[in-house]
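Enquirer: below are the sequence and a predicted model for it; my questions follow.
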Amino acid sequence: MIEIDDVWKSFDDGKIAVLKGVSLQVKSGELLALCGTSGCGKSTLLSLIAGLEDCDRGVVRIDGRVWQSEREKVSLLRREVGFVFQLHHLMPDLTLEENCLVPVIAVGGSMSAAKIRMRELADMTGVGHRLDRSVRELSGGERQRGALVRALMNDPRILLADEPTGALDEENREIVFQLLLDLVRKGGKTLVMATHDKEMAQRCDRVLQMRDGRIVS
């Protein structure tokens, strides 16, 4: 499903090297955890997979295909990949329902079908009764569960999660993480998750350790 071949990435005109020859493969339906301390390159690697960043060298393939043009990358992110961030990135002035429907509007999908799917996902994640509320009225745990609903609205084959529970308290951390695992496994999706939490990582199918821009184990 995902193939990364000798990928390098730097910032600030090459002064800050973030990824240094990373190669890995992720099978369809696999749950992969990327572990490592802050700054090791986990988040940048997820951004490259999603097409949010371009690599300096190397190749990223999704389902055997290299997504090159900006149009292709936008299509990839809208239709093939869902992204759950550490901070929910919901729009605070919209209701939770309006936030969840944004991905569907972006691809011109059926709103009637989308609302059925949204309610199903919202009920599964425990926020069905909060869909009409402004994001400002939601708790941190509710916002992150809402972000999970939004990421799954277009039924992506790949879900990327960047420290998806890092901003939550211990109780909500466990709730959101278990929901994430359940939804991914039930939907047969491929998950790549960046985390520094080794205990959560061990509940995935495979764990890769990153250090200083490289995969070390």
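Expert: Yes, it's here.
Enquirer: where does the chain dip in pLDDT?
Expert: Scanning the chain for pLDDT under 70 picks out 76-77.
Enquirer: and the longest helix for it?
Expert: helix 170-187 (DSSP state H).
Enquirer: give the buried residues for that helix.
Expert: 172, 173, 175, 176, 177, 179, 180, 181, 183, 184 (16 or more other Cβ atoms under 10 Å). Every residue, glycine included, has its C-beta placed from N, CA and C.
Enquirer: next, format the residues you listed as CSV and append distance to residue 49.
Expert: Output for the buried residues of helix 170-187, formatted as CSV (distance: Cβ to Cβ, whole Å):
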residue, distance to residue 49
172, 26
173, 24
175, 26
176, 21
177, 20
179, 22
180, 17
181, 19
183, 19
184, 15
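Enquirer: what segments of this protein are strands?
Expert: For the chain, the strands defined by DSSP state E occupy 2-11, 16-26, 31-35, 57-62, 81-84, 158-162, 190-195, 206-211, 214-215.
Enquirer: before we move on, back to that, contact partners of the longest helix of the chain?
Expert: Helix 170-187 is contacted from outside by 31, 84, 121, 124-126, 139-141, 144-145, 148, 152, 155, 159, 161, 164-165, 168, 189, 191, 193, 200, 203-204, using Cβ atoms under 8 Å, 6 or more residues apart in numbering.
Enquirer: can you name the residues in contact with stretch 44-63?
Expert: Outside stretch 44-63, the residues that touch it by Cβ under 8 Å, 6+ apart are 1-10, 14, 18-19, 21-23, 34, 66-67, 72-74, 76-77, 80-81, 83, 157-158, 160, 162, 192, 194, 210.
Enquirer: quick one: that stretch to chain centroid distance?
Expert: Mean-position distance between stretch 44-63 and its chain equals 14 Å (Cα atoms, centre = their mean, to the nearest Å).
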